[in-house]
Each structure stands twice: as C-alpha cells, then as structure tokens.
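Chemist: Need a 3D model of the sequence below.
(chains A and B)
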Amino acid sequence: MSHQPLAISHLSGHGLPLRGDDIDTDRIMPARFLRAISFEGLEQHVFVDDRAADSAHPFNDSRYTGASILVVNRNFGCGSSREHAPQGLMRAGIVAVVGETFSEIFQGNAAMIGMPCFAADHQSIDRLQSLIESAPEAIIAANVEDGSIAAGDVRFIATLPPALRDAFLSGQWNPTAMLLDRFEQVQAIADRLPYIRGF
Amino acid sequence: MAETLFHKVWNAHAVRRLPSGQTQLFVGLHLVHEVTTPQAFDMLRQHGWRVAFPHRTFGTIDHIVPTRSQQRPFLDVMAEDMAAALERNCREAGIPLWTPDNDNQGIVHVIGPELGLTQPGMTIACGDSHTSTHGALGAIAFGIGTSQVRDVLASQCLALDPLKVRRVDVNGALGPGVYAKDVILTIIRRLGVQGGVGFAYEYGGSTIDGMTIDERMTVCNMSIEGGARVGYINPDAKTYAFLRGRPFAPQGPAFDRAMVWWTQIASDANASYDDRVTFDAAAIEPTVTWGINPGQSVGVGETLPTSGHDEAFEFMGFRPGGRVSGTKIDVAFIGSCTNGRLSDLEAAARIVRGHRVSPHVKALVVPGSRAVSKAAESRGLHRVFIDAGFEWRGAGCSMCLGMNPDRLEGRQVCASSSNRNFKGRMGSPTGRTLLMSPAMVAAAAIAGEVVDVRTMLHGVGV
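Modeler: Next comes the predicted model:
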C-alpha cells in the first residue's frame, strides 16, 4: 500500500491565543487519557484540567470556537514524549501552532502528523495574541515556504527547522516510506555494527 | 580528528542523508511499552509493513501496572486492554516481552541497563522521554513519539537532525546528604527547562566520574527536564564493571573485544564542544522543587524567589520569599525511572532505619523492577521500610504519572523521588509534587514535612 501524504504549504484560519511559558504535555493531555489503545476521541480531553480550573481558559472561550491556529509562548509542549498531545490538538481542529519556542520532541511529533510549529520572537507573538484577543474573527495566514505569518496589520517572519519545512513542502513529512526506500543500506549498517554482528 | 562520543555514534549509525536534509539514523536497540505503541503497531498493519528487526526490539509493561496486586487480568479494564494489546503485538512480531509475571519485568529505563541490553556506543529509541537515562552507559538514546515508534518498528530507523553537544562538567566532592538527584536538579535550575533544546548534554568532570552507574542514570534521566533530548556520559571502567556478566552483555572473550570498541567510541580528550558549562559540586545543596516545572527549585535551606513565577506560586500555595522546608506533606513516594534502583532504596533505608513514618503521611516504596525488588528483599530493605510504616509495592511507574491506581487525591502534597512536578502529573489535577532525592523523601516521610536530610545523618553511615 502506497502512502503519499499531501504537501503542506499554506495554512489559514482563526487563531486561538494561549498565553504562558512552559506549557507541558501533561497539561495538554493528562496521562489518565493515555489509557487507551487508539488516539480516537482525544480531542475531548485537550487541556481538560486547565479548562476545569479556569472557566476563562481560551479553550473554553466561545469566541475561539472553530479556531485552527494555536498561538503560544515559550517552550510549548515540554515534558513527556506522548504524541497524544499533538494528536489531541489536531483532532480538536488545530492545523498549525505559532509560538516563541517549542520542545524538540513536541515539534517533531507534531511534524510527523503534518502540524507545523512556527517559531518567532516574543514581541511578534505577543502582538498576534493581542490581535486575536481583540479581533477573534481575524484570519491568520501562515506560509510554510517563507515563514511569513499575517493577520490584520500584524505581519512577521517565523521559522521552521529547514528539514521540517522541506518535508512539509514536498509532502514527505511522514517519513516511513522514505526510510524503507533503501532498506539494503539499513541492513548494511546493521551488518557493520559490532554489537549486532557480534564482538 | 578529535570527536565527541555523540558524533562517533551518530556517524556509525547514519544510513544516508535523506532528501529532506535529515539523517536516516539506524536504531540499535528499540524498547517498547504499552502506552505509546498500540497505535504504532496498528499503523504498521494498515500499511502492510512488518517489524524489520524484531530481535533488536524488547518490550516491558510498566506505566499502567497496578503496584498493589499484579494479578491478571488487571482490575482496570483499560489497563488490561493495553497489556493484552502489547502481548498480542509482540507475539505476532516475535518481540520478546516481559510482563509483570516475569522476573525481568520493570520500568523500561531500569531494566534496559539491568539486563545489559543498554551498551556503550548504541543508538537507542523508546516511546518515552526519559529514554535519555540509557546515556549513563555511553549510549545515544532518544525519546520518541508514536509515529516515530512506527518508523522504528517498520525500518529500525529515525529521520533526525544532528544535535549540538554541550559539555556539562561537575567537579569536586558532593557534601554529605547530597546526591545525584541534587546535581541534576541544580543543573536544570541554572541552565533552564528549555536550555538544552537542540543539544545533547555530555556530563563529565570529577563528580560525574566518581558516581556509580545508578547515580549517572539519575543524572541522564532528567536531561529532558532541562530540554535536552539526549544526555550521556562517556563509558569508563565503572561502565564495563557494571555490564560484565549481565545477561545481554557480550560474554567471555567477546566482552574484552567489546571493551576495545567501547573505549574507542568515547569522546576524544581534545574533542571540541558547541558549548561548555561548569558546576562546583561543593556548592550543591539538597535540592527541592517548589514550583510546577523541574527548574523551579531551591536548596532546602534557601528562600524562594521574591518575584515572578505567579502561576507556580498560586498553584503550589507558596509565598514569594518563603521557604520550602517545613512544608507539611501528605504522601511520600520513593520510586520511578529516576530513583527506583537498588542504591536509591538503600540510601532511603539508611535514613528510615529505626524511625517511623509520620502518622499523617501515606508513604510508599515502589522498586523500579522486579530484580530491584528481589535484591532489596534479599538485603532485608523491605523490612526496614515496612517496619517504619511504608507500603512495599510491586514494580512499576506508580505515582510518577497517574496512569495506574497510585495517584494523589485533591490538593495533596507529595514528596517525590520522581522527575516531574507538572500540574496534574501525579493523577490529581490539583495535586502538588515536590521533587527531591530518595533520602530527602525518606526524611520528609519521617518528619511529616520537608526537612534537610543532613539533620538526620547523625550516626548514619552515608
């Protein structure tokens, strides 16, 4: 069975501003919801404890219903390697995240399911969050190729790791087929490694 | 040319440069557990892919196992489903799996080194962020997500960008009552919870050289809490002594040949690093987290910050400029992949011996593996804990992450030897976690509040 994911070049939609640094994956998807053998239904549990603790949490705010671009601050997605976190966000309708910085594992996990995480400076992110808070109807346009982010009069250039950017543009963000492409080379490396070949 | 262990291992495992510019990296050892793999096996089935290297893949059940009774079927239907799914997936693929009725079962990051699966110079991957633990033996070990688990199952490879390497030197002697946990909490406090993003941390210096392999595992385990996906320590005579005779380590003359390769794979003396930082061991105190990320910590005698950290102060109920010592605790937890090894239980038992757990504290000890449990019992450690009022449980991840029946309730405060103090981490959305060394947890259990373990060392051989 062939597997050819789609190229991802332009993303647009309403924004969802989620302020705060170091928002970890236990908050995005508490561990008790990892007790399952599929990712189905995870959208119901995104930020469930934070939402219960704060009725004004952006994920509770009806002004952001249907938003698809999440706008966050520093070190978003730190902590656990659970892909359940980006899976839950994606299933809740998020197609891209724009933020100051990301945890490496979260950014990689998000890329593997076709969700780019754009990084920009604090001031740009703050302006974008403020814009959405005052005008939730604003449409954010994110361009994977040049990193440009535009919404109303807020415009800035964000970055994606070059390899991930190219993977999105070429549709190769799901790399399994590519990794299987030259399997004889994989076998050759295995045969060379002393701990596999035998010391 | 002088190189780091990271680069030597990376180059030895690089299959090719992918069209994306990333490296296709061969994974020498893949460890699987029940939480992050069922969807990966399903994706394989959907695409008609087979597990490429089942003999380089090993499984255990750890996160969801109850620790009070490990009888099957588990009472929690979801936990039983997850265990059964991993059993079925491993059986179909020919992957060895250690279930809770097997003597090799335990937390994945405890059993890998314990069985000698983890060896210097390997690349290791596991669907768990604390995979960095295995770097303590000189391996390059990556925590990965479920789609990457699928990739490794299907191809034994990952698509990755190389990391920069930061050398983290710790020099000098640690004071009495100061442990590896205090060292890594201090490193994270200073470099920050995202300071390591984009880096592998190579730990070294006389303090690290002087550590046992168990202690080195505690340090490498928490690399990810500092943002570094990979942490490692160059292999040395202690590494080889630790590995010799373990079931999956090379045996007989092969072990001596292996040592030659392991020695060559270590960083060269004049290797250059992308960054270097140095710590003075003598300045490290018993350290306790007071906030909602592992970088928010203080020496037990210090006062808390006087400003900032609003969310942490509000959630934890501490006051700016206040103190963490004297904080009443409800629960004491000794265990986890960070501090659930035999030496951790020994350090805690030295403090506990001859004392009683404070009446208002629920205290439990959860060995990191069945082998740790057995070794502790053969030394009589379980009696020390039980006599003091601790519960002695079966091996598993337990309270560390609230995926099994061991959880905080309401706003309980837990003195914990685990690795994360995130909001809700221990299973109660409002529960509060104070991270510290196993000896500090033991001291807190006895005192009923956070205390400086050094006040309890009188007459204790440490």
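
Chemist: moving C-terminal of the strand or helix carrying A:A188, what's the next helix or strand?
Modeler: Per DSSP states H and E: A:A188 is located in helix A:183-192. Later in the chain than helix A:183-192, the nearest helix or strand by DSSP H and E is helix A:194-197.

Chemist: Can you give me the pLDDT of B:M1?
Modeler: Each residue has a pLDDT score; the one for B:M1 is 81.

Chemist: now swap in B:G21 and tell me
Modeler: 86.

Chemist: What of the one 10 residues further on?
Modeler: Reading off the confidence values, B:L31 has pLDDT 98.

Chemist: Now do it: how many residues are near it, please.
Modeler: 24 (other Cβ atoms under 10 Å in any protein chain shown). Any C-beta I mention is one placed from the backbone N, CA and C, and that applies to glycine too.

Chemist: Check the gap between B:T118 and chain A for me.
Modeler: In this view, B:T118 and chain A are 11 Å apart by Cβ to the nearest Cβ, to the nearest Å.

Chemist: Please parse chain B into its domains.
Modeler: B:5-160, B:287-456 (automatic domain parsing).

Chemist: OK, contacts around the closest residue in space to B:M456 that isn't next to it in sequence?
Modeler: Distance criterion Cβ to Cβ, 6 or more residues apart in numbering or on different chains; nearest residue to B:M456, sequence neighbours excluded, is B:A443 at 5.1 Å. With contacts defined as Cβ atoms under 8 Å, 6 or more residues apart in numbering or on different chains, B:A443 is in contact with B:I351, B:V451, B:D452, B:V453, B:T455, B:M456.

Chemist: Tell me the residues of the stretch 251-400 of chain B that contact chain A?
Modeler: Contacts of the stretch 251-400 of chain B with chain A, taken as Cβ under 8 Å from any Cβ of the partner chain, map to B:A254, B:F255, B:R257, B:A258, B:W261, B:I292, B:N293, B:E311.

Chemist: Strands along chain A, start to end?
Modeler: A:10-17, A:69-71, A:96-99, A:117-119, A:139-143, A:148-151, A:154-157 (DSSP state E).

Chemist: Please identify which of those strands is closest to chain B.
Modeler: strand A:117-119 (10.5 Å; Cβ to the nearest Cβ).

Chemist: Can you confirm whether that closest one lies near chain B?
Modeler: No. Residues of strand A:117-119 contacting chain B under Cβ under 8 Å from any Cβ: none, with a closest distance of 10.5 Å.

Chemist: B:D42 falls within a helix, correct?
Modeler: Yes. Remark: B:D42 belongs to a helix, assigned using DSSP: H, G, I helix; E, B strand; the rest coil.

Chemist: Output the below-cut-off pLDDT ranges for chain A.
Modeler: Within chain A, the stretches with pLDDT under 70 are A:1-5.

Chemist: again, but for chain B
Modeler: Along chain B, segments meeting pLDDT under 70 span B:459-462.

Chemist: Okay, A:G15 and A:T159: tell me how far apart.
Modeler: A:G15 is 19 Å from A:T159, where distance means Cβ to Cβ, to the nearest Å.

Chemist: Pick out whichever of the two has more residues nearby.
Modeler: For A:G15 and A:T159, the more surrounded residue by other Cβ under 10 Å is A:G15, and the numbers stand at 25 against 10.

Chemist: How about that one: what's its closest non-neighbour residue?
Modeler: Here the residue nearest A:G15, using Cβ to Cβ, 6+ apart, is A:I132, at 3.9 Å.

Chemist: residues touching the one you found, list them.
Modeler: A:I132 touches A:H14, A:G15, A:L16, A:P17, A:Y64, A:V71, A:A138, A:I140, A:A151, counting by Cβ under 8 Å, 6+ apart.

Chemist: Swap in 10 Å and give it another go.
Modeler: Neighbour list for A:I132: A:14-17, A:58, A:63-64, A:67, A:69, A:71, A:138, A:140, A:151-152, A:154 [criterion: Cβ atoms under 10 Å, 6 or more residues apart in numbering or on different chains].

Chemist: Go ahead and report the secondary structure state at B:Q39.
Modeler: Applying three-state DSSP: B:Q39 is helix.

Chemist: That one - how many residues pack around it?
Modeler: 22.
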